[in-house]
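J.: Structure here, sequence nowhere to be found:
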């Protein structure tokens, strides 16, 4: 169990590094798509360095007038 936890933490750290290298943490406006892309990039971890470039597209419903 302990080795699994260590591997998981390292996996997620690599994902954070990949997101930072793609400048996903810069900029002020946090949209649904940007937030989703950052989360998926972090979860993908080392796979980012093997050509995986996850992107999330989402739209939120507009309020009626």
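T.: Happy to help now that I have it. Because the structure is predicted, anything quoted here is derived from the model rather than measured.
J.: Is residue 40 in a helix, a strand, or coil?
T.: helix (DSSP: H, G, I helix; E, B strand; the rest coil).
J.: count of neighbours near it?
T.: Residues lying near residue 40 (other CB atoms under 10 Å) number 17. Just so you know, the C-beta spots here come from the backbone N, C-alpha and C atoms, and that holds for glycine as well.
J.: Can you tell me, leaving aside adjacent residues, what's nearest to it?
T.: residue 54 (4.1 Å; CB to CB, 6 or more residues apart in numbering).
J.: can you tell me how far the one you found sits from residue 9?
T.: 20 Å (CB to CB, to the nearest Å).
J.: Also residue 24?
T.: 20 Å.
J.: Between these two, which has more neighbouring residues?
T.: Remark: of residue 24 and residue 9, residue 24 carries more neighbours, 17 against 10, as counted by other CB under 10 Å.
J.: Once you drop chain neighbours, what's closest to that one?
T.: Looking at residue 24 with CB to CB, 6+ apart, the closest residue is residue 38, at 4.7 Å.
J.: Ok, residue 34 next?
T.: In space, residue 34 is closest to residue 24, 7.1 Å off (CB to CB, 6+ apart).
J.: Distance-wise, check residue 1 relative to residue 7.
T.: Distance from residue 1 to residue 7, counting by CB to CB: 11 Å.
J.: Settle it for me: which of the two has more neighbours?
T.: Taking other CB under 10 Å, residue 1 and residue 7 do not tie; residue 7 has more neighbours (11 against 5).
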